[in-house]
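Student: Predicted model, plus sequence, below.
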There are 2 protein chains.
Amino acid sequence: MKYSKKMKTKFIDIEAGKLISIIHEKDAKELGVFPLDRVELVNPKTKKKIITVVDITDSMVKQKEIGLFEDVRKRIGLKKKTEIIVTPVSPPESVDFIKKKMNGHSLNEKEIKEIVEDITSNHLSQIEASAFVSAVYMKGLNLFETIAMTKALVEGGKKLKLSKKFVVDKHSIGGINGRATMVLVPIIAANGLFIPKTSSRSITSAAGTADSMEVLTNVNLSMKKIKSITEKIGGVIAWGGGLDLAPGDDRIIAIEHPLNLDPPGQVIASVMAKKVSVGAKYLVIDIPVGQHTKVKTKEAAENMAKKFLEVSKKMGIKAEVLLTDATKPNGPAFGAALEAKHAMEILEGKIFDNLAQKSCQLAGTLFELTGKTKKGKGYEKAVELLQNRKALKKMQEIIKAQGGKIISSEKIKLSSKKIEVRANKTGKIDRIDLTVLKDIARNAGAPIDKKAGLLLKVEEDDFIRKGQIIFEIHGENQRKLDIARELAEKNNPIKLGEVIIEKIK
Amino acid sequence: MKYSKKMKTKFIDIEAGKLISIIHEKDAKELGVFPLDRVELVNPKTKKKIITVVDITDSMVKQKEIGLFEDVRKRIGLKKKTEIIVTPVSPPESVDFIKKKMNGHSLNEKEIKEIVEDITSNHLSQIEASAFVSAVYMKGLNLFETIAMTKALVEGGKKLKLSKKFVVDKHSIGGINGRATMVLVPIIAANGLFIPKTSSRSITSAAGTADSMEVLTNVNLSMKKIKSITEKIGGVIAWGGGLDLAPGDDRIIAIEHPLNLDPPGQVIASVMAKKVSVGAKYLVIDIPVGQHTKVKTKEAAENMAKKFLEVSKKMGIKAEVLLTDATKPNGPAFGAALEAKHAMEILEGKIFDNLAQKSCQLAGTLFELTGKTKKGKGYEKAVELLQNRKALKKMQEIIKAQGGKIISSEKIKLSSKKIEVRANKTGKIDRIDLTVLKDIARNAGAPIDKKAGLLLKVEEDDFIRKGQIIFEIHGENQRKLDIARELAEKNNPIKLGEVIIEKIK
C-alpha cells in the first residue's frame, strides 16, 4: 500500500518532449517527493496509468493541482479536466542497471534491453539517460554488451522484410565528403544484388547522402516503397529518419550530441541495428581513417573492424571491413548539389577518381562476399559496370522509381552566386584541411541550402601560383557567402609546404 | 562574423528551471542548430544578451518566432513582445572540460571553476551537467581537484564573517537518527566557542537537524541574524538552505539525486565549502560507519577521513575526524518532534545514552582542537557542561534568540495518534534494521509531519516476550499510519536471534 493523493489536472499546452508532471511544493512534501522523483498517475475512470518524472513549483500550479504537459495528457488519454490519483513510485529498474554500469560491471541482455526501452519510451530523465551514455563512453561496451545493445535497438523498431536472397548493405563511419553510396548502390543493383540503402542527413558535414540524393529525387520513402523499389530495381537510396528503424538509436544519438560522445561499442551497435533492421545478409563497412574523421588512427580502426566482424557474425551477417584513406578529400565537392553532381559524373564515365575507386572497392567486396563474382575479381567487375554505363542506367531507374527527374549531371542546378577564392602565395600544396573546407561549406549555407558548398580546384601536391583560383564557395544567401569567405580568409584550408630553394653549389 | 536572424519573441508563461528557448524546425535548419545546441539572444534596444539552449518544435512556435520561458524572459529583461537577434554559438568551454574529465584527465582550478559556475548559472544543460557528475563519480576527484571544487563552490556563494576568533563547526556524513547537533552546539557555545551551525532538512532520513530544531524554534534565519546570534550567544542552529552558501553545491546534489551518486571527492568538497563559507577555523567531522549509512566500511571511512584532513589543511581549517559506530541507533527516536524531545532530555540530564556520549566526544574534540581544554580532557569537560546544565541553559538562550518558545522536553507536543507495535515472537534481539525503522517513520509522514515518526521501546540484546511493545509509530494522518503499520508487519525491523534452548544433561 502506498500513500496517494487525488489531484486536479491542469493542462499545459506544451509538448515537453519528456514525461513530466508539475506539482506544488506543498503537495510534493505531503507525497514525500523531490524534483526528478517519479509519480504514477491513474485516471480513475479509465484506469489508464502513466509514470512521470515530477517537477516542483511554488507558482505554476496551485496546491492540489497537477500540471500535465501535452505529451502526458495524450498518453493518459485525458480530454478535459478531471481528478487523477497521484502516487509516488520508485524509479524504474533500469536506473539500477545504469548505476551498475557506472560501477564498472557489465550488463546482461535483459538489463540493456530495459535501459534502451526506457530511453526510447521517455521513461528515463535526461539526467539518467546522460549518465548511461556517459557510462558507456567511459567504461565501454564489451562484445556481449554490444550484441545485446544491437538486439535491443532492433527490437524497439520496425523491420524491412525483402523476399530476396542477396540483400546487402554498406556503411561508412563518418567520412567528410564524397557520396560513395550514390555511386556504389547502382553498381551493386546492376549486378543483381539488392540494396535497400537508408542514409542520414548531415549532422556535422556539408551534406549527408540523403541531402545529396534529394537534389535528384525524393528520399522520403515509406517502408513499403523501399521494399517494392528494392525488389523491383535492386536498389534504393532513401532517408533513414522517420522510418522507425531502431528508434532508440536516434534517442541515444541525441543525448550523445551535446558532448559529442561516440563510444565505439555504441557506434557499432547503432550501425548493426540499422543493418539488421533492413534485413541485410551481407555487409561491407568502410572506416575512413584520418585526422578529420571519427576514427583517427589505423589501430583504432582495426580494433573497431574486429568488433564489427564479431557482432556481424553473431547477428548472422556476412561482413567485411575496409579501412580507407581519409587524409585526402573524396573528390573536390562539399555540399549536397555539388556532391550529387560529382557522383553523377562518375556514373556518366566523365571522371574516375579516388571516390570512384573507393566505391568500386566497396561494391566489389560485396560481389565477392555474396559469391556473385570470383574472389579477387570484384573490383574489376564494379569498374566494368561503371564503364559500360550499366550502373548509370540503374541509377536513372532508381531516381525515377523514387519519383525524381534529374538523371544527368548537367541538369543539376548549381547556385547562382559563387565566390572564387585565390591563392595568396605561390607554393606546393602540402596539406588540405578538410575540417576547414567543411566549415566553410556549412557557413555558406550547407546542408540546408542544397546549392551551398565548396568546390576544390586544386589537389594535394599541386604547385600553385599566387592569384590562382584554389576553390569556389557556392551558396544562395549573400550574407552567408560573406561569412564563409571571411572564415576562408582567416583560416586558409590550403596549406603550402615550406618552399626550399635548392642551393646551387 | 556569424549568421544570425531577427526573430519575434513569444512568451511562454512557465518557469522552465533552465535557460531554454524554442524555435521552429525551419528556423533551426536555417541557423544550422540541432536540439540542445546553443543560441545567443540579443535585445537590440538594450543590448542585453543571454545564451540559451535551444529546443526545436514544429508546432509550439511559428516560423520566425522564438519561444522564451519566464526564466529567459526575465534574464534578458523583456516586458513586452519585441524582435531579438538570434545567433548560434558554440557550447561554453566548460563542455570541453567535462569531456576532458570523461577522458580520464585531471582538471585544474580554472576548469573546475568554470564548470561549477556554468552549472550554477544554468548555462549547462541537464545532459551536460549529468555527464560531469557521472564523470566525477566514475573517475573520482583527486586531492587537487577536490580542493579546487571546494574553492569553486565557496566562490559562487555568500560568506559569513564573524568577528570572533574561535569559530568552530561540526559535520556528520549521513547518519540515520539522533540529533547530536542539538546537543553539542549548546555544549560548545557554553564553553566560549562560536558555532554558527547551518543544518539541512531531511532528504532520505526521518528528520534533518533543521526539521527537528524547527519543532522548538524558528530556523529560517538570515545571514545577518546568524551572525548576530552567534556573536552574542555563541551558537545558532539554522536551516542552511536559502542562505546562498555555496549554491553550486545544491545544484550538483540535485543532479546526483536521481542516480543516488555520492562520490567521496564531491562529498568532501560539498562539506568543506559550507564550512569555509561560514568562516569555520576549527572543525570536527563525524563519519558514522555502518551498513545503513553513507560510508559502509571502516576502510572507506579512513580513506575519506584522510582526504578531509588534507583538504581542511589546505583551506586553513584545523580539523579532526571521528569514526562513530552507526550499527546501532543513536537513541530511540526517529522523526522531528521525537528526536527534538530526545535531544532536550539529554540536555535536561534525564538521559545519558550513546547519542549523549557521541555529542560529548565531538564537542570535546573541538575543545581540545581550539586549546580551550587540555588534551585528553575535552570529553570530560563536555560531560560536565551537560551535568551542570550550562548546556541546557545555553540551548534555551539559543531557542529564544531564534524566536522560539519551547524550552523544555515536556512542552514538545507529540502526535495525537499512535500505533503500538508488539513482538510476534519471544527471543533475544539480534539486530535492529535502521533502514526499515527510517522507512516506517517516513511512511508515517516524516519528515513533513513533524510529529510523525517512530519510537523504539527496546534495544539490541534485549530479551523480549511475544506481545511486548517493541516500538510506537507516531503520526497525525491515519492513512499514513496504516501504511506504516503495514510496512512494519511485512518487514519487521526487529530481528531476533536463533533461540537456542540449552539441553539439560
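Tutor: Thanks, I have the structure now. Source: prediction; values computed, not measured.
Student: How about the secondary structure of A:Pro288?
Tutor: With DSSP: H, G, I helix; E, B strand; the rest coil as the basis, A:Pro288 sits in strand.
Student: Near the closest residue to it other than its chain neighbours, how many other residues are there?
Tutor: In space, and not counting its chain neighbours, A:Pro288 is closest to A:Ala326: 3.4 Å by Cβ to Cβ, 6 or more residues apart in numbering or on different chains. The C-beta positions use only the backbone N, C-alpha and C, and glycine is treated the same way. Using other Cβ atoms under 10 Å in any protein chain shown, A:Ala326 has 28 other residues around it.
Student: buried residues in the helix or strand harbouring A:Ile473?
Tutor: Element membership for A:Ile473 (DSSP states H and E) is strand A:469-474. Residues of strand A:469-474 classed as buried: A:Ile470, A:Phe471, A:Glu472, A:Ile473, A:His474 (neighbour count, 16 or more other Cβ atoms under 10 Å in any protein chain shown).
Student: Now that the second one has come up, it's in contact with A:Val421, right?
Tutor: Yes - in this structure, A:Phe471 sits in contact with A:Val421. The criterion is Cβ atoms under 8 Å, and the distance is 5.3 Å.
Student: for the stretch 351-500 of chain A, which spans come out with low pLDDT?
Tutor: Applying pLDDT under 70 to the stretch 351-500 of chain A flags the ranges A:498-500.
Student: wait, what's in contact with the closest residue to A:Ser4 other than its chain neighbours?
Tutor: Nearest residue to A:Ser4 in three dimensions, chain neighbours excluded: A:Thr87, at 3.7 Å (Cβ to Cβ, 6+ apart). By Cβ atoms under 8 Å, 6 or more residues apart in numbering or on different chains, the residues touching A:Thr87 are A:Lys2, A:Tyr3, A:Ser4, A:Lys5, A:Leu31, A:Val39, A:Glu40, A:Val42.
Student: What of A:Ile173?
Tutor: A:Ile173 makes contact with A:Val267, A:Val271, A:Ile285, A:Asp286, A:Ile287, A:Pro288, A:Thr293, A:Lys294, A:Val295, A:Met304 under the criterion Cβ under 8 Å, 6+ apart.
Student: Same check on A:Glu256?
Tutor: Shown in contact with A:Glu256 (Cβ under 8 Å, 6+ apart): A:Val133, A:Tyr137, A:Asp262, A:Gln266.
Student: ok, it to A:Ser205 distance?
Tutor: 17 Å (Cβ to Cβ, to the nearest Å).
Student: so of the contacts of A:Thr87, which ones are in strands?
Tutor: Of the contacts of A:Thr87, the ones assigned to strands by DSSP state E are A:Lys5, A:Val39, A:Glu40, A:Val42.
Student: and the strand holding A:Ile473, does that touch chain B?
Tutor: No - Strand A:469-474 stays clear of chain B (Cβ under 8 Å from any Cβ of the partner chain), getting no nearer than 13.9 Å.
Student: Just give me the neighbour total for the residue nearest to A:Lys281 when sequence neighbours are not counted.
Tutor: Leaving aside its chain neighbours, A:Lys281 sits nearest to A:Val167 (5.3 Å; criterion: Cβ to Cβ, 6+ apart). Using other Cβ under 10 Å, A:Val167 has 24 neighbouring residues.
Student: The one 4 residues further on now?
Tutor: Under the neighbour criterion other Cβ under 10 Å, A:His171 is assigned a count of 22.
Student: Quick check on it: phi, psi?
Tutor: Backbone geometry at A:His171, expressed as degrees, to the nearest 10, gives phi -140, psi 140.
Student: Quick check: it vs chain B, distance?
Tutor: Here the distance between A:His171 and chain B works out to 22 Å (Cβ to the nearest Cβ, to the nearest Å).
Student: Tell me the pLDDT of that residue.
Tutor: On the pLDDT scale, A:His171 is placed at 96.
Student: before we move on, the earlier item: just the pLDDT for the residue nearest to A:Pro288.
Tutor: 88.
Student: do A:Glu502 as well
Tutor: Looking at A:Glu502, its pLDDT is 46.
Student: Same check on A:Lys505?
Tutor: Model confidence at A:Lys505, given as pLDDT, is 48.
Student: any idea how far the residue nearest to A:Pro288 is from A:Lys113?
Tutor: 35 Å.
Student: Same question for A:Ile237.
Tutor: Distance, A:Ile237 to A:Lys113, by Cβ to Cβ: 32 Å.
Student: The two - which one has more neighbours?
Tutor: Comparing A:Ile237 with A:Lys113 by other Cβ under 10 Å, the one with more neighbours is A:Ile237, at 29 against 21.
Student: for the contacts of A:Ile173, which one is nearest chain B?
Tutor: Distance to chain B, by Cβ to the nearest Cβ, is smallest for A:Lys294 among the contacts of A:Ile173, at 15.1 Å.
Student: Name the nearest residue to the closest one, ignoring sequence neighbours.
Tutor: Sequence neighbours aside, A:Gly174 is the residue nearest to A:Lys294 in space, at 3.4 Å (criterion: Cβ to Cβ, 6+ apart).
Student: now A:Gly290
Tutor: A:Ala326 (3.4 Å).
Student: Is the one you found in contact with A:Gly178, as I believe?
Tutor: No - counting by Cβ under 8 Å, A:Ala326 stays clear of A:Gly178, with 9.6 Å between them.
Student: residues touching A:His474, list them.
Tutor: A:335, A:337-338, A:414-415, A:417-418, A:444, A:451-455.
Student: Try it again at 10 Å.
Tutor: Counting by Cβ atoms under 10 Å, 6 or more residues apart in numbering or on different chains, A:His474 makes contact with A:333-335, A:337-338, A:414-419, A:441, A:444-446, A:449, A:451-455, A:481, A:484.
Student: Then A:Ser125?
Tutor: Taking Cβ under 10 Å, 6+ apart as the criterion, A:Ser125 is in contact with A:18-20, A:36, A:38, A:52-53, A:91, A:95, A:131, B:126-127, B:130, B:258-259.
Student: go again using 7 Å as the cut-off
Tutor: Residues near A:Ser125 by Cβ atoms under 7 Å, 6 or more residues apart in numbering or on different chains: A:Lys18, A:Leu36, A:Val53, B:Pro258.
Student: For PyMOL, what selects the buried ones among those?
Tutor: Only the buried entries of those go into this PyMOL selection, using 16+ other Cβ under 10 Å:
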select buried, (chain A and resi 18+36+53) or (chain B and resi 258)
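Student: And the contacts of A:Ser125, which is closest to A:Gly427?
Tutor: Closest to A:Gly427 out of these is A:Lys18 (54.5 Å), distances taken as Cβ to Cβ.
Student: Would it be right to say that the closest one lies in a helix?
Tutor: No - assigned with three-state DSSP, A:Lys18 falls outside any helix and is coil.
Student: Show me the strands in the stretch 301-450 of chain A, by range?
Tutor: For the stretch 301-450 of chain A, the strands defined by DSSP state E, counting those that start in this stretch cover A:318-325, A:333-334, A:418-422, A:427-432.
Student: Go through the very next helix or strand once past the strand holding A:Ile473 and flag the buried ones.
Tutor: Per DSSP H and E, the first helix or strand lying C-terminal to strand A:469-474 is helix A:478-490. Neighbour counts over helix A:478-490 (16+ other Cβ under 10 Å) mark A:Lys480, A:Leu481, A:Asp482, A:Ile483, A:Ala484, A:Arg485, A:Leu487, A:Ala488 as buried.
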